[in-house]
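Asks: Turn this into a model:
(one chain, ligands or ions: 1)
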Amino acid sequence: MSKIISGVSLSQEIKSKMKEEVKQLVKIFNRPPHLAVICVGDNPASISYVKGKEKDCLEVGIKATTIHLDEKVSEKTLLDLIKSLNEDRTVDGILVQLPLPKTIDEQKVLDFIAPMKDVDGFHPNNVASLYLKRTSIQPCTPKGVIKLLKSENINLEGVNACVIGRSNIVGMPLAKMLLDENATVTICHSKTKNLEEITKCADLIISCVGKPKFIKASMVKDGCVVIDVGVNRLNGKLCGDVDFDEVSKKASYITKVPGGVGPMTRCCLLENTILTFKLNNKI
Ligand code: GUN
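Replies: Residues are numbered from 1 along each chain as shown. Next comes the predicted model:
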């Protein structure tokens, strides 16, 4: 049987430390870190994510302002809003909830956020800094995954790590962060041939493919560490990419969905907001 790595308890631990840190920052700067969240349209998932972010901020004492814009808002209006937030010295972090309506060029919008306020770590400058191994604001989900692994002192040096998924949000930055931990990283994706042959050799599997119960016990070796980044719905129920009941019988460590990576992503957004506050206040 495997040990379950809980993102709920680790994130709680980190959040209570952040709460103390925010109190100290308020004493020094007379205001808390401030995150501005822009939500375009009424996608129920986006609205629910944004509400979660507001609640998390409140919990640690970070100020959150959500700006809801109509689905039909023009790209220019959105860019003008970002410009004003970029220039607003009382705003430390800016997050534009994705996906955006098809009428808006998502990359153009993300590129427009001031790199020092980019709490998602999606701006090209921050992406480049990550790949060049300079100090950067790291994307929240991969950052959360590394924290989960480190919390259990799981050795990453020299291990065969298999990342399944190559998105700019998770798979690619995570592969780079694992490489920086001296893992030997294989990135698999939808066109990978003989996926099972690769996963069976892996000491660490991180799945971010978005297919419910895709990773089966037959695909993992005994003692493998399995991290599930998937957020899927199966018969109306939230479930990950990993067939937990099967795979947990073989893995040494495993995360659950919900309660694994998700809370860590949320926690890292708070951490990045505090980081941008410090960057913008030069501390
Ligand atoms: N939508 C789903 N995940 C994310 C994320 O990490 N950041 C933003 N901005 N939008 C998202």
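
Asks: Mind telling me what element E54 is part of?
Replies: Secondary structure from DSSP states H and E places E54 in helix 44-60.

Asks: How far off centre is that helix?
Replies: Distance, stretch centre to chain centre, for helix 44-60: 14 Å (C-alpha atoms, centre = their mean, to the nearest Å).

Asks: wait, what's in contact with the residue lying closest to D42 once chain neighbours are set aside?
Replies: Spatially, and ignoring its direct neighbours in sequence, D42 is nearest to E71 (6.6 Å; C-beta to C-beta, 6 or more residues apart in numbering). (Each C-beta comes from the backbone N, C-alpha and C, glycine too.) By C-beta atoms under 8 Å, 6 or more residues apart in numbering, E71 lies in contact with V40, G41, D42, P101.

Asks: Generate a PyMOL selection restricted to the buried subset of the residues you listed.
Replies: Entered in PyMOL, the line below selects the buried ones among those, by 16 or more other C-beta atoms under 10 Å:
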select buried, resi 40+41+101
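
Asks: Including pLDDT, could the contacts of E71 go into JSON lines?
Replies: Shown next, in JSON lines, are those (pLDDT from 0 to 100):
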{"residue": "V40", "pLDDT": "98"}
{"residue": "G41", "pLDDT": "97"}
{"residue": "D42", "pLDDT": "95"}
{"residue": "P101", "pLDDT": "97"}
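
Asks: Now go through the contacts of E71 and say which are in strands.
Replies: If you go by DSSP state E, these have V40 in strands.

Asks: okay, the contacts of E71 in CSV with distance to L195 next?
Replies: Shown next, in CSV, are these (distance: C-beta to C-beta, whole Å):
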residue, distance to L195
V40, 36
G41, 35
D42, 37
P101, 34
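
Asks: Of the contacts of E71, which is the nearest to M18?
Replies: Distance to M18, by C-beta to C-beta, is smallest for V40 among the contacts of E71, at 28.1 Å.

Asks: what separates that closest one from E75, distance-wise?
Replies: Using C-beta to C-beta, to the nearest Å, we find V40 at a distance of 10 Å from E75.

Asks: do the same with L100
Replies: According to C-beta to C-beta, L100 stands 9 Å off from E75.

Asks: So those two - more neighbours on which side?
Replies: Using other C-beta atoms under 10 Å, the more surrounded residue of L100 and E75 is L100, with 24 against 15.

Asks: What are the neighbouring residues in contact with that one?
Replies: Counting by C-beta under 8 Å, 6+ apart, L100 touches V40, G41, L78, E106, V109.

Asks: For the residue in the chain positioned nearest to the ligand, which non-adjacent residue is closest in space?
Replies: In the chain, no residue comes nearer to the ligand than L98, which is 3.6 Å away by C-beta to the nearest ligand atom. Setting aside the residues directly before and after it, L98 is nearest to E106 in space (C-beta to C-beta, 6+ apart), at 6.6 Å.

Asks: Over to K15?
Replies: V60 (5.5 Å).

Asks: Any idea how many residues pack against the nearest residue to P124 once chain neighbours are set aside?
Replies: Spatial nearest neighbour of P124, excluding adjacent residues (C-beta to C-beta, 6+ apart): D111 at 6.2 Å. Neighbour count for D111, taken as other C-beta under 10 Å: 14.

Asks: That's all I had, so thanks and see you.
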